[in-house]
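1. Give me the fold of what follows.
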Amino acid sequence: MAAVSSIVLPDAQGTPVNHTFVPLGPSSDGTWWFEDQSGSSPVAYARIGSRLSRTPAATNGQSSSSDRVNRVVLTLSLPQVETLGTNDAGITPPPTVAFVDRFKVEFVMAERDSLQNRKDLRKYLLGLLANTQILDQIESLQSIY
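-> Just a heads-up that it's a prediction; the model follows:
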């Protein structure tokens, strides 16, 4: 079992800046939450979620093979704050989230998977995210034709 620690990720700026996501703890569903607290306000803090669901214990042969999977779900939310003007009294209102960019990745791995199978799955995802067709879809909103 890995001990919880901060996650440091670089952004995509011309000169990348590292963002440190500090662990907040698990929620009631077992998702561990990490938060980049460098934003202008807590409503704008980016968050990472990580949850592992292990294969349920067999109950006298009652579970089907479709239930015999391990799942890892990773999420990232990047709230974007609206720029607000001052009101008539000259007071700046509190920050408001305009929208939230996010992703969710779910790994579904058979109970019988080997370590190498799981390594391949992760490595393929990294390669897929670096593929120019996929990059164009994500960054430029261009369809594959």
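2. Tell me what Thr75 is bridged to.
-> With DSSP bridges as the criterion, Thr75 is bridged to Gly49, Lys104.
3. Could you list the low-confidence segments of the chain?
-> In the prediction, the chain carries residues with pLDDT under 70 at positions 1, 58-66, 86-87.
4. Now do the domain split for it, please.
-> Domain assignment of the chain by automatic domain parsing yields the ranges 7-56+66-113, 114-145.
5. Return the most buried member of those domains.
-> Most buried of the domains of the chain by mean neighbour count (mean count of other Cβ atoms under 10 Å) is domain 7-56+66-113; its value is a mean of 13. Where C-beta positions appear, they are placed from N, C-alpha and C, glycine not excepted.
6. who's in contact with the lengthiest helix in the chain?
-> Scanning the chain for the longest helix, with DSSP state H as the assignment, gives helix 115-130. Applying Cβ atoms under 8 Å, 6 or more residues apart in numbering, the set of residues contacting helix 115-130 from outside is 105, 107, 109-110, 134-135.
7. what about Val73, which SS state?
-> Assigned by DSSP: H, G, I helix; E, B strand; the rest coil, the conformation of Val73 is strand.
8. Touching, it and Ile48? I think so.
-> No - taking Cβ atoms under 8 Å as the definition, Val73 is not a contact partner of Ile48, at 11.2 Å.
9. Many thanks, have a good one.
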